[in-house]
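Colleague: I'll drop the sequence and a predicted model, then ask my questions.
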Amino acid sequence: MRNSTIAAKLLSQEFGISLRSLYYHPLKPDKDWQLKCRIEEVLREHPSYGSRRLALHLKMNRKPVKRVMNIFGIKAYRRRGRKWKKTTNIKVIYPNLLMTTQPMYENHIWCADFTYIPFQGRFVYVATVIDLFTRKIVGLSVYTTHAVQLVLSAFMNAMHDNSRPAIFHSDNGSEYNAGVYIEAMQTVGTMISRSAPGCPWENGYQESFYLQFKIDFGDPSRFKTLGELVLAIYQTIWQYNHTRIHSVLKMPPMQFALQASTAYNSVNKEGVQ
């Protein structure tokens, strides 16, 4: 144990990163994660609560509440645009495993969702899969429809270059409830996790990502063809993974993933010797 601790300190000095970021298994539960779960529990009863009312309800200072909401992309849903409705006719209710499980390593928990981009009088749909530990987009697909093929393609894209996740989280949209999609989850042996019906903030990671993605992507009307638009989507995702500094990680997701993997392997090697 002492050797692994020394190795971790040396690695943190070499890479210029904190000791905390080198450990896949924290010594104590993350306080931010615990507060996130408490906030989501309150929002199930009071979905319009912002950070001020949440802080009053939780009987704590507003500053940490607001900070945690920003970290995990949790927002009060009072928007005029997209209206959230409780999903009906759900055959199987899957629990939200993110309420009890914190991402501890790469490919531990994936989250999925999709968004749309208006283009020349129609919509282009973008589906992504994000790894919660590294915040890296591991799966991506672009379609002109939002049928099950859209989200299934993003999942298969993620599986192509990564080991299967222990947990796969999404909302209860019809695309994710399709029989072929459920069968794909069961075939690879991953546990299914879902946001509670009518609680989109429980997939706040993707909500937060799409908000920033659309800012970085810019005005889609500048493209003349669908091909140019799709290419720009892939380029924006690549830049997010490789060059754009993530506000939580303080570095791009790919850099964080590489450093964490290097540290993990080195510490384990020292521990075996």
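Modeller: Looks like it arrived, so ask away.
Colleague: for the rest of this, base every contact and every neighbour count on C-alpha atoms.
Modeller: Will do.
Colleague: quick one: low-confidence ranges for this structure?
Modeller: Low-confidence segments of the chain, defined by pLDDT under 70, span residues 1-29, 76-90, 264-273.
Colleague: can you rerun that using 80?
Modeller: 1-30, 44-45, 47-48, 71-73, 75-91, 197-202, 263-273 (pLDDT under 80).
Colleague: need the strands for it, in chain order.
Modeller: Taking DSSP state E as the test, the strands found in the chain are 109-119, 122-131, 136-143, 167-170, 191-194.
Colleague: just checking: what are the partner strands of the longest one?
Modeller: What that stands for is strand 109-119. Applying DSSP bridges, strand 109-119 is found paired with strand 122-131 (antiparallel), strand 167-170 (parallel).
Colleague: which one of the ones you listed has the most crowded surroundings?
Modeller: Stretch with highest mean neighbour count among the strands paired with strand 109-119: strand 167-170 (a mean of 24; mean count of other CA atoms under 10 Å).
Colleague: would you agree K36 is in contact with K66?
Modeller: No: look at K36 against K66 with CA atoms under 8 Å: they stay out of range, at 10.3 Å.
Colleague: these two - which one has more neighbours?
Modeller: In this view K36 and K66 are compared by other CA atoms under 10 Å, and K36 has more residues nearby, 21 against 17.
Colleague: ok, that one to T236 distance?
Modeller: Distance of K36 to T236, given as CA to CA, to the nearest Å: 28 Å.
Colleague: got JSON lines for the strands paired with strand 109-119, with distance to H246 too?
Modeller: Shown next, in JSON lines, are the strands paired with strand 109-119 (distance: least, CA to CA, whole Å):
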{"stretch": "strand 122-131", "distance to H246": "13"}
{"stretch": "strand 167-170", "distance to H246": "21"}
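Colleague: hang on, P165 packs against Y105?
Modeller: No: between P165 and Y105 there is no contact under CA under 8 Å: 10.1 Å.
Colleague: looking at these two, which is more packed in?
Modeller: P165 (21 against 18).
Colleague: quick one, what contacts S195?
Modeller: When the contact criterion is CA atoms under 8 Å, 6 or more residues apart in numbering, the partners of S195 are P95, N96, H169, S170, D171, N172, E202, N203.
Colleague: among the residues you listed, who's most crowded?
Modeller: E202 (30 neighbours).
Colleague: not counting sequence-adjacent ones, nearest residue to that residue?
Modeller: Of all residues not flanking E202 in the chain, S195 sits nearest, at 5.4 Å (CA to CA, 6 or more residues apart in numbering).
Colleague: closest to V151 out of the strands paired with strand 109-119?
Modeller: strand 122-131 (5.8 Å; CA to CA).
Colleague: quick one: contacts of the closest one?
Modeller: Against strand 122-131 from outside (CA under 8 Å, 6+ apart): 106-118, 136-146, 150-151, 154-155, 158, 206.
Colleague: buried ones only from those, please, as a PyMOL command.
Modeller: Filtering the contacts of strand 122-131 down to the buried ones (16 or more other CA atoms under 10 Å) takes a single PyMOL command:
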select buried, resi 106+107+108+109+110+111+112+113+114+115+116+117+136+137+138+139+140+141+142+143+146+150+151+154+155+158+206
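Colleague: save the strands of the chain as CSV, and put in distance to R53 too.
Modeller: Formatted as CSV, those follow (distance: least, CA to CA, whole Å):
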stretch, distance to R53
strand 109-119, 28
strand 122-131, 30
strand 136-143, 32
strand 167-170, 27
strand 191-194, 26
